[in-house]
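sequence below, structure please.
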Amino acid sequence: MDQMKAEMDVTALVREEIVTDRKIGSIRVFTPITADGYRDETRAVVYMGETQIMTQMGPLPISFEIKAESLADAVAAYGEAAKAGVQETIAKLQEMRREAATKIVTPGDAGFAQAASKIQMP
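Numbering: from 1, shown residues only. As a prediction, the model looks like this:
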């Protein structure tokens, strides 16, 4: 534990608020602040949208940045940003599935014993 450096970056402090309609999702508002807790006007407020999609494995949380100058702009842009976030997540999942399908399992790989246990001899 001595080697772990657990110090917060005083230049990156933000106050986080959650705004939701309690139906479709939420927007996290990250307002930059100084170490004294005052609004840091030198940095922009960041808006992050959150939603979830249902999959065969259950709900999958999706997070995405919303490019906006105000909360009203972020609320108005939520739908398009959510659609793009879901599409990006689905594309990443498909790529991960393709990579997993093409991986050759060899002795010494972590998954080799598991794959070998599925081999059936006639």
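
just the helices in the chain please.
For the chain, the helices defined by DSSP state H occupy 71-102, 112-116.

so which elements touch the first one?
Judged by 3 or more Cβ pairs under 8 Å, 6 or more residues apart in numbering; DSSP states H and E, the packing partners of helix 71-102 are strand 26-32, strand 46-55, strand 58-66. Every residue, glycine included, has its C-beta placed from N, CA and C.

for the record, mean pLDDT for the first one?
Rounded to a whole number, the mean pLDDT of strand 26-32 is 98.

next, the angle from that strand to strand 58-66.
If you take axes from the mean of the first three to the mean of the last three Cα atoms, to 10 degrees, strand 26-32 sits at 40 degrees to strand 58-66.

contact partners for the most centrally placed residue in the chain?
In the chain, the C-alpha nearest the mean C-alpha coordinate belongs to residue 63, at 4.3 Å (Cα atoms, centre = their mean). For residue 63, the contacting residues are 48, 49, 50, 85, by Cβ atoms under 8 Å, 6 or more residues apart in numbering.

is it in a bridge, and if so with what?
Residues in a beta bridge with residue 63, per DSSP bridges, are residue 50.

can you tell me how far it is from residue 27?
Using Cβ to Cβ, to the nearest Å, we find residue 63 at a distance of 11 Å from residue 27.

between those two, which contacts overlap?
Overlap of the contact sets of residue 63 and residue 27 (by Cβ under 8 Å, 6+ apart) consists of 48, 49, 50.
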